[in-house]
Each structure stands twice: as C-alpha cells, then as structure tokens.
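Asks: 3D, please:
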Amino acid sequence: MASFVIHSIIGEKFLEKMEQDVVLTELEKNSFRLGNLVVDVLGFGKTDIRDLDYEEVLQARREYRKKKIQKKLVTHFRNENKKELCVNSPRLDYFLLKYQDLVFHDFSALGYFFHLYIDKVFFENFYSYVITCLDQNYQPTNLIKDNLYIRVNKNGKIYLKDEFWSGRNNIYDDYTKLNCYCTQKFGFPFSMEELEKFAHDGFINPGIQEVDYRDIDEVLGKMKQFLLESEVSTEEELMAFSFEKMEQFILKSADNFYFEYQAMIEEFISKKKRVKVRK
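Replies: Predicted structure coming up:
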C-alpha cells in the first residue's frame, strides 16, 4: 500500500545497511530493486475517464479498486478467507512457506519479500493509526460491506468512503505530496534509465508464479509518472498522513527489516545444519 517511490527509498536504505556487511554487485541491487517493484504488476490498466461525468468517474474508480484488491489477494499473499475485512495485510509466512529458499539465494525474490514486509507494516499502521473505518452509525468496523465512512484520526474529519478513496481530493493526493517530500529529503535512489535497461536485459524470474516479470514495464511506467507528478507537487497540508511520521517510518522500517532478515538467515542456516546432522 506504500507508493512505488516510498518502497524504493526504504529498499535503498535496506541495501545501504546490507553493504555495511557485504559487497553487493549492481546485478544484485538492481534485481532487488525490480523485485521490490514487480509485486505491484496488475496486468490491466485504469479506465479512460476523460469523457466521464463525476458519478461515472467514481464508478470507474470503484471498479478499478475492486479489481485491484482481487488481484492483490494473489500477488500480495493475502488471506482469501479474510477478503471481506478492511484489514487484510500480506501473510509473510505464506510467501516464505513457498519461496524461502529463493529469498536467501535470489535478490529479486528478496525484493519481493521486502515489498510484502513493508506493505504489511504500512497497511497495519495505516488502519491502526491513520484512519478508522466507520459503519452507518459512525462506529468502528473492520467489515468492508459495513464500511460507509472513513475518519481521519489526526483531526477527526469524516469522509464518505467513496470520497476518501476516489473523490476529487482523495487519499492518493497525499501519496503525490509524500513522494515529493521524500525524494527531496532522501533523494531518489537510482537511475530509472539504468533500471529500465536492466529490466529488459537481466531481470529473470527465479520461479515466482504470482506475477509475470515480463510485465515490469507497467510498474516502471507508473513510477516515472509518479516522479514527474511529485516534481510539480506542493507540500501543502496532507489529508491523512504526516510528513514527519513518514520520514520516521522509512528509517525505522529499513532498520527493522534488516534486523529481522539477519535473524531469518541465522535461523535458516541453523535449520540446514540440524538437517545435515540428522542425515
């Protein structure tokens, strides 16, 4: 749920921490960067809304969002049995059960896992601290079918759900402003031209079945669009987020994943040794 730009900045902070321990090649770093992005490949685009009236735009956006959520049940390893809930974050254990060996041997698989980790933390923080879903009686709910309103927790403002997600001024405007703030604060971490070249010449799927690596241009195109939008964005007040808290989230998430990844490696090696001893 974090933007491509935020994912990439946090990913670069993680790579910087890794390079304190090991020397990473450009192939490894670019594989991680694209693996971090390929998770959000959808395989379909948005409806052209230029000739639609406001209600038709809302409907088109609702349908796109519904289709995207359904797709992400698969690509983001969400629980099919919890798809009726507002909060259905990635199941990291599902991914590791299927691809743990890849995570420790292939940097694009590590990037994929990293993306899921960041989305899980972001998603759960978003619904815990940033917004609250409300029913028709303005009571908190975690059921999509009962969710009619969204309360922004920092100021108590209440929006119709459709207005919050798809209206003229919606939550995704915050993403553009945050992209602008974070690229100015941290710099954009790599060359899009070099990454596009690698995507066509060296980005190989190690065996992940949930996305088609060949569709990576879809995400790279969106990334370039978001970067262009962020260049002309003004850092006016955010609808729901906080610039300072997002900065803290970036740094803390990179640190936390680094330490959790180190612990995973140690556990993985320990298990391998125990299996070898039993043999």
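Asks: near L251, how many other residues are there?
Replies: Neighbourhood size, L251 [other CB atoms under 10 Å]: 13. Where C-beta positions appear, they are placed from N, C-alpha and C, glycine not excepted.
Asks: give the contact list for it.
Replies: Neighbouring residues of L251 by CB atoms under 8 Å, 6 or more residues apart in numbering: K13.
Asks: how much space between R62 and D106?
Replies: Per CB to CB, to the nearest Å, R62 is found 37 Å from D106.
Asks: the two - which one has more neighbours?
Replies: D106 (21 against 14).
Asks: show me what contacts that one?
Replies: By CB under 8 Å, 6+ apart, D106 lies in contact with 31, 206.
Asks: could you pull out the helices in the stretch 101-250 of the chain for me?
Replies: Counting by DSSP state H, counting those that start in this stretch, the stretch 101-250 of the chain has helices at residues 107-125, 161-166, 171-186, 192-201, 216-231, 243-278.
Asks: pLDDT of the longest one, averaged?
Replies: Helix 243-278 shows a mean pLDDT of 82.
Asks: and it with helix 171-186, angle?
Replies: 80 degrees (axes from the mean of the first three to the mean of the last three CA atoms, to 10 degrees).
Asks: can you give me the buried ones in helix 243-278?
Replies: Within helix 243-278, the residues that count as buried by 16 or more other CB atoms under 10 Å are 243, 246, 249-250, 253-254, 257-258, 261, 264.
Asks: please apply the same query to the shortest one.
Replies: Residues of helix 161-166 classed as buried: 161-162, 164-166 (neighbour count, 16+ other CB under 10 Å).
Asks: re the thing from before, including distance to K68, could the helices of the stretch 101-250 of the chain go into a markdown table?
Replies: Below are the helices of the stretch 101-250 of the chain laid out as a markdown table (distance: least, CB to CB, whole Å):
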| stretch | distance to K68 |
| --- | --- |
| helix 107-125 | 13 |
| helix 161-166 | 11 |
| helix 171-186 | 12 |
| helix 192-201 | 22 |
| helix 216-231 | 12 |
| helix 243-278 | 22 |
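Asks: nice, that's everything, thank you.
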